[in-house]
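S.K.: Have a look; sequence and predicted model below, questions after that.
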Amino acid sequence: MRSPSPSLLGLVGRAALGALVLVAVVGPLLSLGLWSVAERWHWPAPFPQQVGMKYWSRMLQGDPLRALTRGVTIASVTTVLALAMAVPVAYLAARRRLPAGPLALALFILPQAFPQLPVFASATVLFYRWNLAGTVPGVVLIHLVGGLVYAVWTLTAAFRSIGPELEEAAQNLGASTTRTFFRVTLPLAMPGVVASAILVFLHSLDEFNGTLLVGAPYVTTLPVYMYTASLGYELQIASVTALVLMVPGVVLLLLLERFLRAEYLAFFGHL
Amino acid sequence: MEVRVEGLVKRYGRVLALAGVNHVFPSGALTAVVGPSGCGKTTLLRVLAGFVQPEEGRVWMDGRDVTGVPPQARRCALVFQNYALWPHMTVFDNVAFGLRLQRLPASEVERRVRETLALVELDRVPGIERRRPKELSGGQQQRVALARALAVRPGLLLLDEPLSNLDAKVRQRVRGEIRTLQRRTGITTVYVTHDQEEALSIADDLVVMDGGRIVQSGRPEEVYAHPEDPFVAEFLGSTNVLNGTVGPDGRILPSSEGRLLFRAEDTAVWPAGQSLPPDYAWAPAEVVDCLFLGHVYRAYVRLGDTVVLADTKARVGPGQVVVAVPRDRLLIFSGSEPAARR
């Protein structure tokens, strides 16, 4: 009997992987963390000369907090609107009752197929004409472009994974189509609804290109704030913002893991 | 509830699922619809439930034309092949669903749910009404599906392959229970299955379908003993098919003119050289194999270039024998075209 000994190659591989994770994930995070507490840090010192929570406290009272609450508001509105539009479309698509089904679905993935900047830039021109530029509704609209893609596709997969016989069983016992949808279909699709809500919310919260083009200078969300801060060489503010911006992302992504099923993703992009 | 269908036609693309189906499902009886997959039996069931609209023909229930009536208003309860229990509801809520739609008071709903659970003998499992379908065995899920259908006291009970997801032992038992339950409640029932043994054992009225048509119907004993069609003869029981005719001396002769059909249980295997009674058709043959099935031995006997099955009381050894079939158990059809009429 020989006990299996870890091969040298395996050990080296594992060490390399660890180093990669360290460089790619932990490194930037540490650097962000350091910058967020650096009150004075002049070259060539390897560490900040003065450490403190000045920028964190500034974050929690001034403009950044306003940007955060505004971003959350916009993301919430976008999520509600996207779901309200995507649920019926996705349900009809899943049951193959959407007029020109595959074509209509393709419509929802089209904006993602083109380079985003030109799409947003031409949208901005339109928004100026319609007096939507620099307004919250304008930013919500531009966030819906991407948000609807996530919502429609995830929800179509969610509805498609519900056997039609579960609905037929309800109709067979006398339930109307509407009641069947609200008592059987929608509760069963809830994991998919939650998953797509998270995706849309995160998309809106982190969206930058469209927000800057349409919203500036009146509507400032956190990513836009971070951008302006780093342009002004306020690396501390940018770092604090980045760290704050990561919190909802990480929390929601952990939640997402519970709700997003493999079959929803497997369906993504199938017409 | 007496159910009558007239001239039902339904196509799926080019496939003719129903090619003019006429039948009267007698009130209070259990009608088994049996046939190979794709014969149209499930489509017929879905037409009765109202989920499929026939292109031609009419459906009558107790003399009322219900052809265009939506499934919600038909008083038909369908038990689905995979049960279609709602996984997000408890057993109680599943069974109560139809009752709550009827806006019965909560106490009445509760009473009826318990009564129905008792009817399908689920009341012996303590606390089952609070469990979810996923926590139940296949047999229990089947009973919940039955209870959900029966709770609304339907005029017509439709069962779509109700036993196909159960294992063999449970299947035998549940089959008997469904039969007893149907007798006790007297609900007109249509039972769709591909299993001919199941259909024969459970039916008051047997309907054999093939290629979108009803090929034969009647009491199961009658249909089994007197098939009017080679397809029915072949489909029911273990049936041998030989291309041949019977000569004047009773000897079976190979021929392309006719087809002889006879069942394994009617086929005797005798030692070669034995004198033959006059009312038998016979042929010299060779035993290739003999399997023990428990209640009989099944001999595989080569007759010309065909192997026929014969059920015998004792093991028959390999070698030369005579295969004999009583004349009145022999079905003779002219021509040798394939049995299925499509």
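M.R.: Yep, that arrived.

S.K.: and chain A, which residues reach chain B?
M.R.: Contacts of chain A with chain B, taken as CB under 8 Å from any CB of the partner chain, map to A:163, A:165-166, A:168-176, A:179, A:183-184, A:187-188. For the C-beta atoms, the positions are set from N, CA and C on the backbone; glycine is no exception.

S.K.: Which of those residues fall within helices?
M.R.: A:Glu165, A:Leu166, A:Glu168, A:Ala169, A:Ala170, A:Gln171, A:Asn172, A:Arg179, A:Pro187, A:Leu188 (DSSP state H).

S.K.: So B:Ala199 sits against B:Gly35, correct?
M.R.: No: between B:Ala199 and B:Gly35 there is no contact under CB atoms under 8 Å: 9.1 Å.

S.K.: Between those two, which has more neighbouring residues?
M.R.: B:Gly35 (27 against 24; other CB atoms under 10 Å in any protein chain shown).

S.K.: Tell me who's in contact with that one.
M.R.: B:Lys41, B:His194, B:Val208, B:Met209, B:Asp210, B:Val215, B:Phe235 (CB atoms under 8 Å, 6 or more residues apart in numbering or on different chains).

S.K.: Tell me the confidence at the closest residue to chain B within chain A?
M.R.: Taking CB to the nearest CB, chain B has its nearest neighbour within chain A at A:Leu173, 3.5 Å off. In this model, A:Leu173 is scored at 94, pLDDT.

S.K.: what do you get for B:Val109?
M.R.: Predicted confidence (pLDDT) for B:Val109: 94.

S.K.: what number of residues lie near it?
M.R.: Neighbours around B:Val109, by other CB under 10 Å: 20.

S.K.: and A:Glu257, how many neighbours?
M.R.: Should you count by other CB under 10 Å, A:Glu257 turns out to have 10 residues around it.

S.K.: Same question for A:His42.
M.R.: 9.

S.K.: Run through the residues that contact it.
M.R.: A:Gln49.

S.K.: next one: B:Val15
M.R.: For B:Val15, counting by CB under 8 Å, 6+ apart, the contacting residues are B:Gly38.

S.K.: Show me the domain layout of chain A.
M.R.: For chain A, automatic domain parsing gives the domain ranges A:8-52, A:55-267.

S.K.: Make a markdown table from the ones you listed and add distance to B:Thr306 to it.
M.R.: Converted to a markdown table, the domains of chain A look like this (distance: least, CB to CB, whole Å):
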| stretch | distance to B:Thr306 |
| --- | --- |
| domain A:8-52 | 63 |
| domain A:55-267 | 43 |
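
S.K.: most packed of those?
M.R.: domain A:55-267 (a mean of 18; mean count of other CB atoms under 10 Å in any protein chain shown).

S.K.: which residues in the stretch 101-250 of chain B form helices?
M.R.: B:106-119, B:138-151, B:168-185, B:196-202, B:220-225, B:230-235 (DSSP state H, counting those that start in this stretch).

S.K.: Of those, give the one that comes closest to A:Ser122.
M.R.: Nearest to A:Ser122 among the helices of the stretch 101-250 of chain B is helix B:138-151; the distance by CB to CB comes to 55.3 Å.

S.K.: What residues of the closest one count as buried?
M.R.: B:139-151 (16 or more other CB atoms under 10 Å in any protein chain shown).

S.K.: Hmm, A:Trp130 and A:Thr124 touching each other?
M.R.: No: at 10.7 Å, A:Thr124 and A:Trp130 do not qualify as touching, with contact defined as CB under 8 Å.

S.K.: if we can go back for a sec, which among the buried residues of helix B:138-151 are in contact with chain A?
M.R.: Counting by CB under 8 Å from any CB, the members of these near chain A are B:Arg148, B:Ala149.

S.K.: Would you tell me which residues of the stretch 101-250 of chain B are close to chain A?
M.R.: B:Leu101, B:Gln102, B:Arg148, B:Ala149, B:Val152.

S.K.: Of these, which is the nearest to B:Glu6?
M.R.: Set against B:Glu6, the nearest of those by CB to CB is B:Ala149 (25.8 Å).

S.K.: can you pull the contacts of that closest one?
M.R.: A:Leu173, B:Ala77, B:Leu78, B:Val79, B:Leu157.

S.K.: 6 Å instead?
M.R.: B:Ala77, B:Val79 (CB atoms under 6 Å, 6 or more residues apart in numbering or on different chains).

S.K.: Can you give me the distance of it to A:Thr180?
M.R.: B:Ala149 sits 16 Å away from A:Thr180, taking CB to CB, to the nearest Å as the criterion.

S.K.: again, but for A:Ser239
M.R.: 52 Å.

S.K.: Same question for B:Leu206.
M.R.: Counting by CB to CB - B:Leu206 and A:Thr180 are separated by 35 Å.

S.K.: and if you look at B:Ser275?
M.R.: Distance from B:Ser275 to A:Thr180, by CB to CB: 72 Å.

S.K.: now swap in A:Pro99 and tell me
M.R.: 21 Å.

S.K.: same question, A:Pro44
M.R.: A:Pro44 is 70 Å from A:Thr180, by CB to CB.

S.K.: So for A:Lys188, what's the nearest residue that isn't a sequence neighbour?
M.R.: Actually, residue A:188 is Leu. It isn't Lys. Distance criterion CB to CB, 6 or more residues apart in numbering or on different chains; nearest residue to A:Leu188, sequence neighbours excluded, is A:Ile162 at 4.9 Å.

S.K.: Quick check: the gap between the closest residue to B:Phe80 other than its chain neighbours and A:Arg97.
M.R.: Computed as CB to CB, 6+ apart, the closest residue to B:Phe80 that is not its neighbour in sequence is A:Glu165, at 5.0 Å. Distance, A:Glu165 to A:Arg97, using CB to CB: 16 Å.

S.K.: so who does B:Val325 touch?
M.R.: So B:Val325 contacts B:Phe262, B:Asp266, B:Thr267, B:Ala281 (CB under 6 Å, 6+ apart).

S.K.: rerun that using 7 Å as the cut-off
M.R.: For B:Val325, the contact set (CB atoms under 7 Å, 6 or more residues apart in numbering or on different chains) comprises B:Phe262, B:Asp266, B:Thr267, B:Tyr280, B:Ala281.

S.K.: Helix or strand: which one has it?
M.R.: strand B:319-326 (DSSP states H and E).
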